[in-house]
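Colleague: Here's my sequence, what's the structure:
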Amino acid sequence: MALGANSRTLSGCLSEMASAFGEDLAVVDALGEVTFAELFARSSRLADRLRKLGVGRGARVGLLAGNEISWLEVMFGTHLAGATLVPLSTWSTTSELEFLVEDSAIEILFAVSEFSGRDFSADLVSFAQEGLKIVLLAAHPSPEFVGYDDFLGDADAAEYGNAAMPEDDALVLYTSGSTSIPKGVRLPHFAVTENGFNIGERQGLKRQDKVFLPAPLFWAYGGANALPATLTHGGTLVLQEKFDAEDALDAIERNRCTAIYTLPAMTNALVRHSRFAPDRVASLRTGLTIGSEEEFLFAAEKLGVPQLCNIYGATETCGNCAVTWHHWPLERRATTQGTMLPGQELRIRDLQTGEIIPSDRPGLLEVKGYTTPGYSGKSAELNDQAFTSDGFYRTGDIGFLDPEGALVFVGRHSEMIKRAGINVSPAEIEAVLFRYIGISEAVVVGVPDEQRGEKIVAFVVPENEATFEIRKLSEHLRASLSKYKLPDRIELRNSLPLTQTGKLHRNQIRADAMELFA
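Modeller: Presented below is the predicted three-dimensional model:
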């Protein structure tokens, strides 16, 4: 068992690692590196300063920054003081930031003044004028704000008891979804730490591993998954401030990374980059990704990650609640999302009646265990509809368990296409599209149709548009799909729109599809 399995708070785990492996590398970013002992000492100084300001258990600390060592320093310092971290998206617009700051009730905000061309200065001045204490994470801060070094001042780095308790909220992660406002997802220390440890076990992580994370830490895939999975196994987290294919290849090669957290769009960008070569990523052994069977196989084989793991979950389930084992045969990892993690419980309801049904039948998935105890802020009003009376989270996803007990994800219930009264899974059609040679990306959506309920539209990104023939693709589809599943229209695109976290932007794609029939 990894040492970190004994800790039930993230800050307690860092303390444990600093005591046992103090001189081992904890984090590497584009500008430097830090050992476990150094990270703990720096985080302890911040915790001391926060405590002297009265920021402790029950308080919330905001953080607006990209993936860098200081992000983790602020997080662990916040936790050592006993407070909760609220990471804010660096992609937020002014109106989004205004909502997040007010809704989260943070008492102090650590922030960068600029990120990836986005200037936050005016927003930060406005927040400061409204009374929020702001600390700039910069060596030479703006005159309007206190800098991080000045804020720390003579704070003491001496060790003291960890103020965080296992049941305290470690993080409040804001996530968008089916609602009009971002949802504040509360994630307790024990859930994030223990679930993260189990995710690391499924990947086969070890102390010597270097885990490459290009996805943002303010997203559950990063902060509630990659971070605790790596930390609890004593590995090194290699951060990329924001994803860039060329920089990612350099970082993987330079650090000899052994694990990667990737997404289909990231994998495509890496493999199709002009400077990609298999030997540059040959150190990769394991990691996580999401996507269809074809997308998973593409990542495992083309990117060259022999023990890559498939996953299922949501922010509300601490990132993932099901993960394949790294040692399973490749085909099994590609066709399922793995068995439920220890401490996670699954049940399935009938799509029509809502009754609980046998797990081998497709239905609506509900999860209980290492999940959020509920939303906070304005989104708390959604708790009654998001959770059952006996504590299960209603995922809104459709799936079932295969004969060996592994979860098979079918799709989002809201994305199912209703055609002449029959449910059609976009994922099934997309899988057939991906089997056609010459397609790099594909997505299927439904649009309203008075006669048949919904029309089916497929958007395809060919590898070479000049030689691509829609006629031959249509023949391939007719040979593989029932007539009622065939797309009414196939549209070629140079690229597909993505969300800020690298997933397909299905709402935008659906809007584009509706314009075709306007």
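Colleague: where does the stretch 51-200 of the chain dip in pLDDT?
Modeller: The model of the stretch 51-200 of the chain has pLDDT under 70 over residues 139-140, 158-161, 176-180.
Colleague: Identify each of the helices in it and give its residue range.
Modeller: 69-80, 94-104, 121-129, 148-152, 189-203 (DSSP state H, counting those that start in this stretch).
Colleague: closest one to residue 499 among those helices?
Modeller: Smallest distance to residue 499 across the helices of the stretch 51-200 of the chain (Cβ to Cβ): 13.7 Å, for helix 94-104. All C-beta spots, glycine's among them, are computed from the backbone N, C-alpha and C.
Colleague: Could you check the angle that closest one makes with helix 121-129?
Modeller: For helix 94-104 against helix 121-129, the angle between stretch directions is 30 degrees (axes from the mean of the first three to the mean of the last three Cα atoms, to 10 degrees).
Colleague: in helix 94-104, what's buried?
Modeller: Neighbour-count burial for helix 94-104 flags 96-97, 99-101, 103-104 (criterion: 16 or more other Cβ atoms under 10 Å).
Colleague: quick revisit: need the helices of the stretch 51-200 of the chain in TSV with distance to residue 210, can you?
Modeller: Output for these, formatted as TSV (distance: least, Cβ to Cβ, whole Å):
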stretch	distance to residue 210
helix 69-80	15
helix 94-104	32
helix 121-129	34
helix 148-152	27
helix 189-203	13
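Colleague: tell me the domain ranges of the chain?
Modeller: As given by automatic domain parsing, the domain ranges for the chain are 3-309, 416-516.
Colleague: Could you pull out the helices in the stretch 251-400 of the chain for me?
Modeller: For the stretch 251-400 of the chain, the helices defined by DSSP H, counting those that start in this stretch cover 264-271, 293-298, 330-335, 383-386.
Colleague: Redo these as JSON lines? Include mean pLDDT.
Modeller: JSON lines is the format used below for the helices of the stretch 251-400 of the chain (pLDDT from 0 to 100):
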{"stretch": "helix 264-271", "mean pLDDT": "92"}
{"stretch": "helix 293-298", "mean pLDDT": "92"}
{"stretch": "helix 330-335", "mean pLDDT": "97"}
{"stretch": "helix 383-386", "mean pLDDT": "95"}
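Colleague: Distance to residue 419 and mean neighbour count added to those helices, as CSV?
Modeller: Putting those into CSV (distance: least, Cβ to Cβ, whole Å; neighbours: other Cβ atoms under 10 Å) gives the following:
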stretch, distance to residue 419, mean neighbour count
helix 264-271, 26, 21
helix 293-298, 23, 20
helix 330-335, 25, 17
helix 383-386, 27, 13
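Colleague: Can you show me the CA trace of stretch 453-463 as CSV?
Modeller: Taking Å, rounded to 0.1, in the frame of the first residue of the first chain, the C-alpha atoms of stretch 453-463 are listed here in CSV:
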residue,chain,number,x,y,z
GLY,A,453,-39.1,13.6,-33.7
GLU,A,454,-35.5,14.3,-34.4
LYS,A,455,-33.2,14.3,-37.4
ILE,A,456,-29.7,12.8,-37.1
VAL,A,457,-26.7,15.0,-38.1
ALA,A,458,-23.1,13.8,-38.3
PHE,A,459,-20.2,16.2,-38.3
VAL,A,460,-17.0,14.7,-39.6
VAL,A,461,-13.4,16.0,-39.7
PRO,A,462,-11.5,14.1,-42.4
GLU,A,463,-7.8,13.6,-42.4
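Colleague: what is the mean pLDDT for that stretch?
Modeller: Mean pLDDT, computed over stretch 453-463, is 92.
Colleague: Distance from the chain centre to it, please.
Modeller: Relative to its chain's centre, stretch 453-463 lies at 26 Å (Cα atoms, centre = their mean, to the nearest Å).
Colleague: for stretch 294-310, same thing?
Modeller: Put simply, stretch 294-310 sits 18 Å off its chain's centre (Cα atoms, centre = their mean).
Colleague: how long is that stretch end to end?
Modeller: Terminal residues of stretch 294-310 lie 12 Å apart, using Cα to Cα, to the nearest Å.
Colleague: how about it: buried residues?
Modeller: For stretch 294-310, burial by neighbour count (16+ other Cβ under 10 Å) applies to 294-300, 302-305, 307-310.
Colleague: and what of stretch 333-347?
Modeller: Residues of stretch 333-347 classed as buried by neighbour count (16+ other Cβ under 10 Å): 333-341, 343-344, 346-347.
Colleague: distance between that stretch and the chain's centre?
Modeller: Computed by Cα atoms, centre = their mean, the chain-centroid distance of stretch 333-347 equals 17 Å.
Colleague: So which residues make contact with that stretch?
Modeller: With contacts defined as Cβ atoms under 8 Å, 6 or more residues apart in numbering, stretch 333-347 is touched by 194-195, 198-199, 202, 293, 296-297, 300, 308-312, 317, 320-325, 356, 359, 365-371, 392, 399, 401-402, 405-409.
Colleague: From the residues you listed, which land in strands?
Modeller: 308-312, 322-323, 356, 365-368, 399, 401, 407-409 (DSSP state E).
Colleague: are any of those residues buried, and which?
Modeller: Among the ones in strands among the contacts of stretch 333-347, those buried by neighbour count (16+ other Cβ under 10 Å) are 308-312, 322-323, 365-368, 399, 401, 407-409.
Colleague: Out of those residues, flag the one nearest to residue 116.
Modeller: For these, the nearest to residue 116 is residue 311 (26.7 Å; Cβ to Cβ).
Colleague: looking at it, that closest one is touching residue 289, isn't it?
Modeller: Yes. In this structure, residue 311 is within contact of residue 289 by Cβ atoms under 8 Å, at 7.4 Å.
Colleague: count of residues packed around residue 327?
Modeller: 11 (other Cβ atoms under 10 Å).
Colleague: residues contacting it?
Modeller: Residue 327 sits next to 204, 307 when contact means Cβ under 8 Å, 6+ apart.
Colleague: ok, 10 Å please
Modeller: 202, 204, 286, 307, 309, 333 (Cβ atoms under 10 Å, 6 or more residues apart in numbering).
Colleague: how close does the fourth one get to residue 426?
Modeller: Distance, residue 307 to residue 426, using Cβ to Cβ, to the nearest Å: 29 Å.
Colleague: With residue 332 instead?
Modeller: The value you get for residue 332 to residue 426, if Cβ to Cβ is used, is 23 Å.
Colleague: cool, residue 221 as well?
Modeller: Taking Cβ to Cβ, one finds residue 221 at 22 Å from residue 426.
Colleague: likewise residue 263?
Modeller: Applying Cβ to Cβ to residue 263 and residue 426 gives a distance of 18 Å.
Colleague: same check, this time on residue 101
Modeller: 36 Å.
Colleague: Make CSV from the contacts of residue 327 and add distance to residue 15 to it.
Modeller: Below are those laid out as CSV (distance: Cβ to Cβ, whole Å):
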residue, distance to residue 15
202, 25
204, 25
286, 27
307, 30
309, 28
333, 35
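Colleague: shared neighbours of residue 311 and residue 289, anything?
Modeller: The overlap between the contact sets of residue 311 and residue 289 (Cβ under 10 Å, 6+ apart) consists of 261, 296.
Colleague: Distance check, the closest residue to residue 269 other than its chain neighbours against residue 112.
Modeller: In space, and not counting its chain neighbours, residue 269 is closest to residue 245: 4.1 Å by Cβ to Cβ, 6 or more residues apart in numbering. For residue 245, the distance to residue 112 (Cβ to Cβ) stands at 23 Å.
Colleague: where along the stretch 101-250 of the chain do the strands fall?
Modeller: Assigned by DSSP state E, counting those that start in this stretch, the stretch 101-250 of the chain shows strands spanning 108-111, 114-115, 118-119, 133-136, 146-147, 169-175, 183-188, 210-213, 236-239.
Colleague: With distance to residue 68 as extra columns, can I get those strands in TSV?
Modeller: Formatted as TSV, the strands of the stretch 101-250 of the chain follow (distance: least, Cβ to Cβ, whole Å):
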stretch	distance to residue 68
strand 108-111	12
strand 114-115	10
strand 118-119	15
strand 133-136	14
strand 146-147	16
strand 169-175	17
strand 183-188	21
strand 210-213	11
strand 236-239	6
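Colleague: Nearest to residue 488, out of those?
Modeller: Between residue 488 and those, the tightest spacing by Cβ to Cβ is seen for strand 169-175, at 32.7 Å.
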